[in-house]
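Visitor: Here is the input, now give the coordinates:
(chains A and B)
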Number of protein chains: 2
Amino acid sequence: MTDPIKYELGESEIPRTWLNPAADIGEVAPIIDPVSRKPVSFDALAATMAPPLVEQELSTADEFEIPEPVRQHYAKWRCTPLYRARALEQALGTPARIYYKYEGVAPTGSFKPNTAIPQAYYNKLAGKTGLVGETGAGQWGSAVALAAAFFGMAAKVFMVKVSFEQKPYRRTLMETYGATCSASPSTETEAGRTILGERPDHPGSLGTAKSEALQFAFANPDYGYTRGSGLNHVCAHQSVIGQEAIKQMELADDYPDIVVGAAGGGSNLAGLAFPFLRNKLRGGPDLRLIAVEPAACPTLTRGRIAYDHADSQGLTPLFRMHTLGHKFVPPAFHAGGLRAHNIAPMISRAVEDKLMEAVSVRQNDCFEAGVLFARTEGIVPAPESTHAIRGAIDEAIRCREDGTSKAILLGLSGHGDFDLVAYQRYLAGELPDDALSDEVLDFGLASIPALAHV
Amino acid sequence: MTDPIKYELGESEIPRTWLNPAADIGEVAPIIDPVSRKPVSFDALAATMAPPLVEQELSTADEFEIPEPVRQHYAKWRCTPLYRARALEQALGTPARIYYKYEGVAPTGSFKPNTAIPQAYYNKLAGKTGLVGETGAGQWGSAVALAAAFFGMAAKVFMVKVSFEQKPYRRTLMETYGATCSASPSTETEAGRTILGERPDHPGSLGTAKSEALQFAFANPDYGYTRGSGLNHVCAHQSVIGQEAIKQMELADDYPDIVVGAAGGGSNLAGLAFPFLRNKLRGGPDLRLIAVEPAACPTLTRGRIAYDHADSQGLTPLFRMHTLGHKFVPPAFHAGGLRAHNIAPMISRAVEDKLMEAVSVRQNDCFEAGVLFARTEGIVPAPESTHAIRGAIDEAIRCREDGTSKAILLGLSGHGDFDLVAYQRYLAGELPDDALSDEVLDFGLASIPALAHV
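Guide: Okay, here's the model as predicted:
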């Protein structure tokens, strides 16, 4: 076979450390307590976070050792493959060399278990017997359920009610792993009861689910609260993606000129891109990093850099980051994992410091890219991942027009087997482009707290 | 990492030949024309089969070379991983060493593309511009759609109407690959119109879909008719599974005492088990091969060895094999791929000659095994694959009771991401055990043609 298309690493090559992006992305702005307006203490964070995770969250160390039991569970699907997309290149007629790092081989079909496993491990070490978390489309909830099963822990997931009703299979996946799953808003928590009291037919949101999961954790101290994206330690855990990709690009005897990832909460993009950024900052080859976000939720391209809450109810502390305002509600679109009003502070800072570019793309253009990818490469991508594919294809088309051959590495964060209803609507021509009105944008931006003095 | 759990091979180790089971399983009974009652000719088979496939079907050669373009497409997901199920072993408290060969990493989630790809290749070589096939639950139709996309061919799939309506996601998967999919019985073929004329609300069956796909191929000579299981060449194509598994067991420094697979049409089981059987027949280590079938469709354990049609309408030639009668209709159960009244003649012959054992298991016991597997190993198995898991667990429990440590290799033929409704029903306690009534069994057996003289 003269033209290899897959670059694989054995389980012995699973990384032994997580790279800490805080060691690379300049000074980290402190997390602020919204009441005292002072930096939150270790103990305050430790109220809902296992101590080793708090240490990672606040650390500027270069790297953290991956505990052996975590590596053992990673081995169930890692190292994940890196592919050369030769069939896609051919279909595009581009001189570009397109690579993709595929995280969909994880049991739940996405990159999320990379951090769910260590969060389960550290919470178990801290004496917790259960895990709790919120989920929208179900990727994070599935990963929490899986991690809890691996460590013999209970799992409780609050799932946005409208998804709970529309995506019964995701719920069944969690239940198959042994988790219990509630539609949020529920009557199980004070937050849920309050929301239902105000609006009995509330369809739920990540904000309501997050508030309920947090309150559940406070009310059930045996349960550890888990985080699917955003925080520094979550981005660090995802660095296994980029570390493997660097070794695999070596096997391909190539190095990316461009790394492209979908930008939602930011941790998948951070996991793929930051190890390459570290290389560059420490004397390695230059390259471009590109964050691709939905035009309907343009956090990086139309948001502001400010202190804001990570949830819609204002329960979390304040983080300095790009935000559309914690009351921003994007129009309905299918990339559920890219609907956040905010993004990981590390990604935000990288964009602010011009270490990373950001572009926005429209839903139908993303699904067009996703269908071309499926027909050439075989894998039906998750709607979130189609954003990275769209970004990579646009760069590859530029290469064709310029006659330049660049190496483009995209992050294929997961498969779309659970998202086929979105493809059905796209193929039927029923998918709106979800242009964002100024009114919706302004409403969101107006909810950013006025905290110029922190 | 002291205890490896995954044994992987690079794409350069994809097998270069398919092993022909006809070289191992004694004399092959000829395929009989139901009208002339004489062996069907090469030309008769070539009416619906590309000539190289007819050659493979009738050959007793040891092996067939895998064309390089087929290997290139295989490389998109092969070699597939072989796992040591350490977590499952621990949960069972068994001294047995359990391994599984996982075919669910294929883009469509099962082993089916292993033969869809070469069938597409040979049909394209023969000048066909399209592929046609029938599908029940959707595994085969998805594989045909994928293979057609890879070779730039059109694809037409007749899908059993009740599945078409109950499993819209499988249909969308095929459409995403570019196939067109019709609910069978349809008004598009003479067979479909006849069936609908007799019974307008006919829910469809594999028999109706197969009849329509065959007639479509006759009416559209640009389309090649494809076969998902049963025939010798299909079993040969699947031998990539077992050939890889042999190398991977070497990496594990172990060799199976028992190989267990789910038995439906028989090609997955043949693909995994027959390469090990060849080893044994040619002086290699002895081992047991076990076929596990549903108690509700007990082809090997309660069927007869006789000449029968492979479809319910009697359109195909006659094959000598275990059969429940071509009019046998099993009660509703969720392992759609194990609903055939018949089985590959090669598997049938292996059982007849006591080279392979057969057992039957009940649906709820299979899902119990599937849930335990998901919670320990992470992968939610396809309902079909739970039969192999159940068989392996039963052997592992026997090891625990006997205090013997055997190596058990099971075939994990696919994942269950598209079958979660079945898990939902199991977890809710709503799944019947589908005991088979003597009446249903006798009705089927009575439809076996009386052909004692062939």
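
Visitor: okay, CA-based contacts and neighbour counts for the rest of this
Guide: Will do.

Visitor: Other residues contacting stretch A:209-221?
Guide: A:48, A:128, A:132-135, A:157-160, A:184-185, A:189-192, A:223-225, A:311, A:313, A:315 (CA atoms under 8 Å, 6 or more residues apart in numbering or on different chains).

Visitor: What separation do you get for residue A:164 and residue A:55?
Guide: 34 Å (CA to CA, to the nearest Å).

Visitor: Between these two, point out the one with more neighbours.
Guide: Neighbour count, other CA atoms under 10 Å in any protein chain shown: between residue A:164 and residue A:55, residue A:164 has more, with 24 against 16.

Visitor: so that one makes contact with residue A:185?
Guide: No. Between residue A:164 and residue A:185 there is no contact under CA atoms under 8 Å: 10.8 Å.

Visitor: For the longest helix anywhere in chain A, list the C-alpha coordinates in CSV.
Guide: The residue-count maximum for a helix in chain A (DSSP state H) belongs to helix A:383-402. Only the C-alpha atoms of helix A:383-402 are listed here, as CSV (Å, rounded to 0.1, in the frame of the first residue of the first chain):
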residue,chain,number,x,y,z
PRO,A,383,-22.8,18.5,13.3
GLU,A,384,-20.2,20.2,15.5
SER,A,385,-17.4,18.6,13.6
THR,A,386,-18.8,19.8,10.3
HIS,A,387,-17.6,23.3,11.3
ALA,A,388,-14.0,22.2,11.4
ILE,A,389,-14.5,20.4,8.1
ARG,A,390,-16.0,23.5,6.5
GLY,A,391,-13.1,25.5,7.8
ALA,A,392,-10.6,23.0,6.4
ILE,A,393,-12.3,22.8,3.0
ASP,A,394,-12.4,26.5,2.7
GLU,A,395,-8.6,26.6,3.3
ALA,A,396,-8.1,23.7,0.9
ILE,A,397,-10.1,25.6,-1.8
ARG,A,398,-7.9,28.6,-1.2
CYS,A,399,-4.9,26.3,-1.8
ARG,A,400,-6.4,25.2,-5.1
GLU,A,401,-7.0,28.8,-6.2
ASP,A,402,-3.5,29.9,-5.1
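
Visitor: That one close to chain B?
Guide: No. Figure legend: helix A:383-402 not in contact with chain B (CA under 8 Å from any CA of the partner chain); closest approach 13.1 Å.

Visitor: Run the contact check for the worst-scoring helix or strand of chain A on mean pLDDT versus chain B.
Guide: Among the helices and strands of chain A, helix A:161-166 carries the lowest confidence by mean pLDDT, DSSP states H and E, at a mean of 86. No. For helix A:161-166, no contact with chain B is found by CA under 8 Å from any CA; the gap never falls below 13.3 Å.

Visitor: separation between residue A:169 and residue A:176?
Guide: For residue A:169, the distance to residue A:176 - CA to CA - is 10 Å.

Visitor: Could you report the distance from the closest residue to residue A:263 other than its chain neighbours to chain B?
Guide: With sequence-adjacent residues excluded and distances taken as CA to CA, 6 or more residues apart in numbering or on different chains, residue A:263 is closest to residue A:293, at 5.1 Å. Computed as CA to the nearest CA, to the nearest Å, the residue A:293 to chain B distance reads 23 Å.

Visitor: Give me the secondary structure label for residue A:293.
Guide: strand (DSSP: H, G, I helix; E, B strand; the rest coil).

Visitor: thought it was touching residue A:363?
Guide: No. In terms of CA under 8 Å, residue A:293 does not count as a neighbour of residue A:363; the distance is 10.0 Å.

Visitor: helix or strand for residue A:201, which one?
Guide: Element membership for residue A:201, per DSSP states H and E: none, as it lies in no helix or strand.

Visitor: do the same with residue A:243
Guide: helix A:239-251.

Visitor: picking that back up, tell me which other helices or strands the helix or strand following the least confident helix or strand of chain A touches.
Guide: Counting by DSSP H and E, the element after helix A:161-166 in chain order, helix or strand, is helix A:168-176. Packing contacts for helix A:168-176, counted by 3 or more CA pairs under 8 Å, 6 or more residues apart in numbering or on different chains; DSSP states H and E, involve helix A:139-150, strand A:180-184, helix B:363-377, helix B:420-427.
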